[in-house]
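Engineer: predicted structure and sequence below. I'll ask about it afterward.
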Amino acid sequence: MLTQIELRHFKCFELLKLPLAPLTLLAGANASGKSSVLQALGLLHQTVKDAYWSDRLFLNGSVLRLGRAADVIDQVHGRRTCSITLIDRGIGDPTGERAAEHEDDPDWAEDLLYAWRFSGEPTDRSLRITGIRLDDDPEWQESHFHLERLMPSEMYYGTLPFRLEALSYLTAERLGPRDSYRVPDSEEHTEIGPAGENAASLLETGRSTEVLRGLALPDVPPTRLPQVQARMASFFPGCVLDVQQIPAANVITLGIRTSDDTPFHRPVHTGFGLTQVLPVVVAALSAARDALLLVENPEVHLHPAGQAQMGIFLAEVAAAGVQVLVESHSDHVLNGIRRAAKAGVLEPEDAALHFFSPRSAEAPQVQTPTMSADGRLDFWPDGFFDQLDKDLSALAGWN
């Protein structure tokens, strides 16, 4: 599990040291840096995926298209360099040697530091890796991103390379209803796609794959398709999915109904929220244990009750062993997480709640309330999901 991400001179951050938990909620004002945290991880994943541990950080690829070096390096302080540091707690280590010594102790874990320094000219569309630090070494070493020490080893599962490769990133701009969905060219495709464009395909090709034990609902077959249907029904009562592949066209059709009294409809004839929630559910139920799931705005087009249900669902995903980072503007998603903590679904210390403010604001750039076992927060920063209280006060004439 990643326990911290540090960004220096990356986008709007001069220096950010952000603790991470099994479930991390990023909230706050627009343009305050929430997406930048997810994008930093997305760029590492993209470089691994598209170029397999290249010696350059790819700013434009299959997951993200962020433009040029000038777009991602803080122009106020960074000029031509930035760095990303991850602290990872897992059963492995860069070489696998220490983990092998503890292979009989499944609970053994150690925090390991990985830091990369990048540089580039303003118009460059990728960044050179000019230095690396490992295991809290204060000295930068001239090296390459594809250091042999970071390549997958016999201890691959539970290590940072595994987490970066297995990462799923759902951006805020997800694919809307379509008459059909393309099947990716790769026969072993496992990624949901940044717009959720592979959700129907993952549902069809992996319909018989078992989901994580901690996520399998009882009284439902523990495989992907029935479990996804059951989860979708928790958001949209009566929801049933019909997924069919058309081999001659290499596409998949998706039928949806929400009542036994109606036939299956094409997605364009169902509520928009269904096709926005489906990629989140499919990505979560397709994830491997110890993988990373990044989701922007999971609440879009959802009724408030569905938004709260989304918070509870993401807490269940994190409790099952998938590390979740979610960006949200919904107090209902937050309250769903709080309800999950009070119900014992997720330990309160396993949720990190971060509130971001613009760099120009007088308040700290990030504030982190602590949640108790009954779902209460120790403090509420100004602007942290308090707009309802402010509106009611204004309507009542209290301010």
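Structural biologist: Nice, thanks for sending it over.
Engineer: so residue 163 makes contact with residue 114?
Structural biologist: No - using CB atoms under 8 Å, residue 163 makes no contact with residue 114, being 10.7 Å away. Where C-beta positions appear, they are placed from N, C-alpha and C, glycine not excepted.
Engineer: confirm that residue 318 lies within a strand, as I assumed.
Structural biologist: No - Residue 318 is assigned helix when assessed by DSSP: H, G, I helix; E, B strand; the rest coil, not a strand.
Engineer: distance check, it against residue 288.
Structural biologist: Going from residue 318 to residue 288 by CB to CB, to the nearest Å gives 14 Å.
Engineer: okay, these two: which has more neighbours?
Structural biologist: Legend: neighbour count by other CB atoms under 10 Å for residue 318 and residue 288, higher for residue 318 (28 against 14).
Engineer: which residues touch the more buried one?
Structural biologist: For residue 318, the contact set (CB atoms under 8 Å, 6 or more residues apart in numbering) comprises 21, 22, 23, 324, 346, 350, 351.
Engineer: quick check: the gap between it and residue 240.
Structural biologist: Per CB to CB, residue 318 is found 27 Å from residue 240.
Engineer: and for residue 194?
Structural biologist: According to CB to CB, residue 194 stands 27 Å off from residue 240.
Engineer: who has more neighbours out of those two?
Structural biologist: Applying other CB under 10 Å to residue 194 and residue 240 shows that residue 194 carries more neighbours, namely 24 against 15.
Engineer: for burial, what's the neighbour tally of the nearest residue to the more buried one once chain neighbours are set aside?
Structural biologist: In space, and not counting its chain neighbours, residue 194 is closest to residue 171: 4.7 Å by CB to CB, 6 or more residues apart in numbering. Number of residues near residue 171 (other CB under 10 Å) recorded here: 20.
Engineer: one more: the one 5 residues further on?
Structural biologist: Look at residue 176: counted by other CB under 10 Å, it has 13 neighbours.
Engineer: ok, now the one 5 residues further on?
Structural biologist: Residues within reach of residue 181, counting by other CB under 10 Å, total 22.
Engineer: leaving out the residues flanking it, which one is nearest to it?
Structural biologist: Among residues not flanking residue 181 along the chain, residue 200 sits closest, at 3.9 Å (CB to CB, 6+ apart).
Engineer: give me the sheet partners of the helix or strand hosting residue 169 and which way each runs.
Structural biologist: Taking DSSP states H and E as the definition, residue 169 sits inside strand 168-170. Here strand 168-170 is paired, per DSSP bridges, with strand 292-296 (parallel).
Engineer: show me which positions of the partner strand end up buried.
Structural biologist: For strand 292-296, the neighbour count (16 or more other CB atoms under 10 Å) marks 292, 293, 294, 295, 296 as buried.
Engineer: show me what that strand is in contact with.
Structural biologist: Strand 292-296 is contacted by residues 2, 35, 38, 41-42, 45, 163-164, 166-172, 280, 283-284, 287, 314, 317, 322-327 when judged by CB under 8 Å, 6+ apart.
Engineer: may I have it exported as CSV, CA atoms only?
Structural biologist: Written as CSV, here are the backbone C-alpha positions of strand 292-296 (Å, rounded to 0.1, in the frame of the first residue of the first chain):
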residue,chain,number,x,y,z
LEU,A,292,-4.6,0.9,-7.0
LEU,A,293,-7.9,2.3,-8.0
LEU,A,294,-8.1,6.1,-8.8
VAL,A,295,-11.6,7.6,-9.4
GLU,A,296,-12.5,11.2,-10.2
